[in-house]
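J.: no sequence for this one, just the structure:
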């Protein structure tokens, strides 16, 4: 046999065998995909159909409102909206300092950003600040870290933005210092701080709905840290939020070595009524995966650092969010849920801001605003 014929036979043998070897390597039935089990599975235990979930959802909403002690909120007053100042920023938007009633004897202040070139009703976002004494000023880009200037960033993207003050900050700093909730609990001993700020943030939505240049069908919310969990607390509470993005929200109840911090005995007390139970090792009847699931099928994005908080705690967040995704799949809206896990700690880094703002664009603006197109030659 000639050398050429030997090479030809070898080539044919390889040509026959290589696809077979490749085919064996990619056959999915050759690999077992282990089912991932976690303590977060209780979200969907016994849930087979959408009707099953809707019944469970109603129960979870009831538990959530009880966690907030929502039944103890005051009667909602008239807004009595006032504009205290207006400043034009870079020829792009007006920034107004406004105030409105949140209780019959209490007014909240906020910054309101309004783009100047609006030709139609615009989508609007509630931008929630973190634990900072003048948080609404930071959200407006006037002090501290410009990474957290959500109002400025979003107004430049065409959004109307309201950045309300947290009720123990800004114009309402307690005499004892920022974020001291003692006086609040003296006034409302049966309510909770989370119930209070969630209720007030819902009133900020009322403010947006009074503005004739706001598209009330396209309202969003986002925030970082205290504003991060404030975002999903709000979106779970108020169905008017169409899209929400929560950045570096705090750890949940379970798998949290510092869980008592949710009901500490000093300074900022989130949920005062659950303290005795937590000290006995009793978890509340609802946890964060169940609260977040109340947002479905509306759009929600969670962003978090694996190295944010007690070692290993945030790794549980991945398992938690995977279970929340099952609810979105059950609702037929998996495209409305996403999460981003990183190693940048407790930050609002460039990529996190880009994802949050892009998420708002995708869900609150018309399709043509985010559509791509081919290059014209």
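T.: Sure, I can see it. None of these values were measured; they are calculated from a predicted model.

J.: Which parts of the chain are strands?
T.: Using DSSP state E, the strands of the chain run over residues 82-89, 93-103, 106-115, 122-128, 160-164, 214-224, 243-247, 299-305, 337-342.

J.: wait, doesn't residue 357 sit right on residue 154?
T.: Yes - contact criterion Cβ atoms under 8 Å: residue 357 and residue 154 qualify, at 6.8 Å. No exception for glycine: its C-beta is placed from N, CA and C like everyone else's.

J.: Who are the contact partners of residue 240?
T.: By Cβ atoms under 8 Å, 6 or more residues apart in numbering, residue 240 lies in contact with 205, 209, 216, 219.

J.: Is there a quick ChimeraX command that grabs whichever of those residues are buried?
T.: For the buried members of the contacts of residue 240, the matching ChimeraX selection, counting by 16 or more other Cβ atoms under 10 Å, is:
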select :205,216,219
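
J.: May I see the contacts of residue 240 organised as a markdown table, with pLDDT and distance to residue 305 added?
T.: Listed next are the contacts of residue 240 as a markdown table, based on pLDDT from 0 to 100; distance: Cβ to Cβ, whole Å:
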| residue | pLDDT | distance to residue 305 |
| --- | --- | --- |
| 205 | 98 | 29 |
| 209 | 98 | 34 |
| 216 | 98 | 34 |
| 219 | 99 | 27 |
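
J.: CSV please, covering the contacts of residue 240 and showing distance to residue 30.
T.: As requested, the contacts of residue 240 are exported to CSV (distance: Cβ to Cβ, whole Å):
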residue, distance to residue 30
205, 53
209, 57
216, 53
219, 49
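
J.: Between the contacts of residue 240, which sits nearest residue 74?
T.: Residue 74 lies nearest to residue 205 out of those, by Cβ to Cβ, at 17.4 Å.

J.: how close does the closest residue to the closest one other than its chain neighbours get to residue 325?
T.: Counting by Cβ to Cβ, 6 or more residues apart in numbering, residue 240 is the residue found nearest to residue 205 once chain neighbours are left out, at 5.4 Å. According to Cβ to Cβ, to the nearest Å, residue 240 and residue 325 sit 24 Å apart.

J.: returning to that earlier point: how confident was the prediction at the residue nearest to residue 205?
T.: The model reports residue 240 with a pLDDT of 98.

J.: Could you do the one 4 residues further on as well?
T.: In the predicted model, residue 244 carries a pLDDT score of 98.

J.: List the beta-bridge partners for it.
T.: Using DSSP bridges, the bridge partners assigned to residue 244 are residue 221, residue 300.

J.: Wait, it touches residue 298, no?
T.: Yes - with contact defined as Cβ under 8 Å, residue 244 counts as touching residue 298 (7.5 Å).

J.: tell me, what's touching the two both at once?
T.: Counting by Cβ under 8 Å, 6+ apart, the shared contacts of residue 244 and residue 298 are residue 235.

J.: rewinding a little: between residue 357 and residue 154, which has more neighbouring residues?
T.: Neighbours per residue, other Cβ atoms under 10 Å: of residue 357 and residue 154, the larger number sits with residue 154, 27 against 19.

J.: so the more buried one makes contact with residue 126?
T.: No - checked against Cβ under 8 Å, the pair residue 154 and residue 126 is beyond contact range at 10.5 Å.

J.: Report the set of residues contacting both of those two.
T.: Residues touching both residue 154 and residue 126 (Cβ under 8 Å, 6+ apart) are residue 161.

J.: Tell me where the model's unsure across the stretch 51-200 of the chain.
T.: Within the stretch 51-200 of the chain, no range satisfies pLDDT under 70.

J.: all helices for it, in order.
T.: For the stretch 51-200 of the chain, the helices defined by DSSP state H, counting those that start in this stretch occupy 135-139, 150-155, 182-187, 193-209.

J.: Let's have the ones you listed in a markdown table, adding distance to residue 174.
T.: Output for the helices of the stretch 51-200 of the chain, formatted as a markdown table (distance: least, Cβ to Cβ, whole Å):
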| stretch | distance to residue 174 |
| --- | --- |
| helix 135-139 | 14 |
| helix 150-155 | 24 |
| helix 182-187 | 6 |
| helix 193-209 | 12 |
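
J.: Could you list which residues are in contact with residue 342?
T.: Contacts of residue 342 (Cβ under 8 Å, 6+ apart): 303-306, 349, 351-352.

J.: Repeat the analysis, applying 10 Å as the threshold.
T.: Listed by Cβ atoms under 10 Å, 6 or more residues apart in numbering, the contact set of residue 342 reads 248, 303-308, 349, 351-352, 355.

J.: distance of it from residue 355?
T.: Residue 342 is 10 Å from residue 355, by Cβ to Cβ.

J.: One more: residue 115?
T.: Taking Cβ to Cβ, one finds residue 115 at 22 Å from residue 355.

J.: what do you get for residue 134?
T.: According to Cβ to Cβ, residue 134 stands 27 Å off from residue 355.

J.: Next: residue 158.
T.: Residue 158 is 18 Å from residue 355, by Cβ to Cβ.

J.: Residue 113 too?
T.: Counting by Cβ to Cβ, the separation of residue 113 from residue 355 is 21 Å.

J.: again, but for residue 203
T.: Using Cβ to Cβ, residue 203 is found at 28 Å from residue 355.

J.: thinking again about what came up before, just the buried ones from the contacts of residue 342?
T.: 248, 303-306, 308, 352, 355.

J.: can you redo the residues you listed as JSON lines with distance to residue 35 and pLDDT?
T.: What follows is the buried ones among the contacts of residue 342, written out as JSON lines (distance: Cβ to Cβ, whole Å; pLDDT from 0 to 100):
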{"residue": "248", "distance to residue 35": "30", "pLDDT": "97"}
{"residue": "303", "distance to residue 35": "27", "pLDDT": "98"}
{"residue": "304", "distance to residue 35": "24", "pLDDT": "97"}
{"residue": "305", "distance to residue 35": "28", "pLDDT": "96"}
{"residue": "306", "distance to residue 35": "23", "pLDDT": "93"}
{"residue": "308", "distance to residue 35": "28", "pLDDT": "93"}
{"residue": "352", "distance to residue 35": "31", "pLDDT": "98"}
{"residue": "355", "distance to residue 35": "29", "pLDDT": "98"}
